[in-house]
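In: just the structure for this:
(one chain, ligands or ions: 2)
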Amino acid sequence: MAVFTPVTLEDVGHWITQFPLGKAVALKGIASGIENSNFFLSTERGEYVLTIFENLTFAQLPFYLQLMRHLAQHGVLVPGPVPNDKGELCVPLHGKPAAIVAKLEGKPQMAPQPVHCAAVGAMLARMHLAGQDFALQQPNLRGLPWWREATAAVLPYLALDQAHLLHEEMKFQEALHASADYHALQRGPVHADLFRDNVMFDGERLTGFFDFYFAGCDTWLFDVAVTINDWCIDLASGRIDTARARAMLNAYHAVRPFTATEHALWPALLRSGALRFWISRLYDFYLPRAAQMLTPHDPTHFERILRERIAVPAPELY
Ligand SMILES: Nc1ncnc2c1ncn2[C@@H]1O[C@H](COP(=O)(O)OP(=O)(O)OP(=O)(O)O)[C@@H](O)[C@H]1O
Ligand SMILES: N[C@@H](CCO)C(=O)O
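Out: Numbering: from 1, shown residues only. Ligands and ions are numbered 1, 2, ... in the order given. Here you go, the predicted structure:
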């Protein structure tokens, strides 16, 4: 159940007159998703997704919605938000912020092959390049400062060997983030959560990236690492699958060539990508928010990935 704010077709009927979409003809709640209330919305003009934001505020939303709009306008396959007659992308519905975005065709590809990984790699590189002249700034809110806070919060719950790993990895990441090489990495708006369930495919054709609500400004390489750590691994062991990783990295490199500094820091950034989700999953597991509805994701999956990235050399970036 992931419609936290019920909405009827009648409610939307009046509300939608401020958008250039004609009349609403059907509305259907979407079951998946744990953050927001999502609906498929059919109107006289086409098919859309209506999202009511349950946690993000009016002040926080412009960065995400404007970024999606900017990317869509620059040819990146991202659902463009629809502005209302005042040019606003986010307007209240039942007192909460709401937005309408284009509906992507297809479905997530949860068992990707190299061909899918290559399509994601190429689109990710295009997205990074297109984000370069995006005007708004917001840090990755799940970056190092948040890791510090969340580490302190979860440490008391961990077994000794886990606490040791978390402590040692934070030390390693603090040193990395303080280094001159790290500061030389190229950066800009990144998705930061480009897992398989946030990309649509129609067969082998990528139709779009979505769920930008963890996006922020960070290193491009971090985004690549997060993506590789979900798309290109053996799910049971966390080990990198070389064929899928090569396909993704080569396709990315063909659009936006990796730099020598990125090549040098790649193993460390793969560890950053694993640590980020180990910490957030630990946090959600031990300190669930009151409004959280569903079973939290398994933290041990990313603990395994992190241990694997520390122990086993990463495939070369290029
Ligand atoms: N633009 C879109 N086009 C087609 N389907 C979409 C679109 N946006 C969302 N969906 C559908 O809605 C579902 C939930 O969306 P989403 O993943 O953004 O949920 P959420 O609650 O915001 O986040 P989370 O992934 O953190 O649970 C997706 O799995 C997908 O099926
Ligand atoms: N992709 C995240 C969930 C938040 O979108 C995870 O798997 O932990």
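
In: around the residue lying closest to residue 114 once chain neighbours are set aside, how many other residues sit close by?
Out: Excluding the flanking residues, the one nearest residue 114 by C-beta to C-beta, 6 or more residues apart in numbering is residue 247, at 3.6 Å. Where C-beta positions appear, they are placed from N, C-alpha and C, glycine not excepted. By other C-beta atoms under 10 Å, 24 other residues sit near residue 247.

In: just the element for residue 247, please.
Out: Per DSSP states H and E, residue 247 falls inside helix 242-255.

In: next helix or strand past that helix?
Out: Assigned by DSSP H and E, the successor of helix 242-255 is helix 260-286.

In: which residue ranges of this structure form strands?
Out: Here the chain has its strands, by DSSP state E, at 24-29, 37-43, 46-52, 91-93, 96-102, 187-190, 199-202, 205-209, 216-219.

In: and of the ones you listed, who's closest to residue 134?
Out: Evaluated over these, closeness to residue 134 peaks at strand 187-190, with 5.3 Å, by C-beta to C-beta.

In: got a list of what residue 89 touches?
Out: 61, 62, 65, 66, 69, 81, 82, 83, 99 (C-beta atoms under 8 Å, 6 or more residues apart in numbering).

In: repeat that for 6 Å
Out: The contact partners of residue 89, by C-beta atoms under 6 Å, 6 or more residues apart in numbering, come to 65, 81, 83, 99.

In: what does it show for phi and psi?
Out: phi -100, psi -10 (degrees, to the nearest 10).

In: and it, how far from ligand 2?
Out: Remark: distance between residue 89 and ligand 2 (C-beta to the nearest ligand atom, to the nearest Å) = 21 Å.

In: count the neighbours of the closest residue to residue 15 other than its chain neighbours for me.
Out: Closest residue to residue 15 apart from its sequence neighbours, by C-beta to C-beta, 6+ apart: residue 93 at 5.8 Å. When neighbours are counted by other C-beta under 10 Å, residue 93 registers 21.

In: for residue 93, list each beta-bridge partner.
Out: Assessed by DSSP bridges, residue 93 has beta-bridge partners residue 96.

In: what residues does this protein put near ligand 2?
Out: When proximity is defined as C-beta under 6 Å from any ligand atom, the chain approaches ligand 2 at 193, 195, 277, 280, 281, 297.

In: what about burial for those residues, which qualify?
Out: 193, 195, 277, 280, 281 (16 or more other C-beta atoms under 10 Å).

In: state the distance from the residue nearest to the spatial centre of the chain to residue 223.
Out: With distances taken as C-alpha atoms, centre = their mean, residue 193 lies nearest the centre of the chain, 2.3 Å away. Separation of residue 193 from residue 223 (C-beta to C-beta, to the nearest Å): 9 Å.

In: who are the neighbours in contact with residue 218?
Out: 140, 190.

In: so what's the residue of the stretch 51-200 of the chain found nearest ligand 2 up against?
Out: Nearest to ligand 2 in the stretch 51-200 of the chain, going by C-beta to the nearest ligand atom, is residue 195, at a distance of 4.4 Å. When contacts are counted by C-beta under 6 Å, 6+ apart, residue 195 is found next to residue 230.

In: what number of residues lie near the residue in the stretch 1-150 of the chain that ligand 1 sits nearest to?
Out: Closest approach between the stretch 1-150 of the chain and ligand 1, counting by C-beta to the nearest ligand atom: residue 33, at 2.6 Å. By the other C-beta under 10 Å criterion, the neighbourhood of residue 33 contains 17 residues.

In: for ligand 2, what is the nearest residue in the stretch 1-150 of the chain?
Out: residue 35 (7.4 Å).

In: what residues of stretch 61-77 count as buried?
Out: Across stretch 61-77, burial judged by 16+ other C-beta under 10 Å covers 61, 63-72, 74, 76-77.

In: out of the residues you listed, who's nearest residue 162?
Out: Closest approach to residue 162 among the buried residues of stretch 61-77 (C-beta to C-beta): residue 64, at 32.7 Å.

In: next up, the contacts around the closest one.
Out: Counting by C-beta under 6 Å, 6+ apart, residue 64 has contacts 212, 213, 215.

In: before we move on, back to that, verify the stated contact: the residue nearest to the centre of the chain with residue 212.
Out: No. Residue 193 is not in contact with residue 212 according to C-beta atoms under 6 Å; the separation is 8.3 Å.

In: measure the nearest residue to residue 115 once chain neighbours are set aside to ligand 2 for me?
Out: Distances taken as C-beta to C-beta, 6+ apart place residue 204 nearest to residue 115, at 5.2 Å, with adjacent residues excluded. According to C-beta to the nearest ligand atom, residue 204 and ligand 2 sit 23 Å apart.
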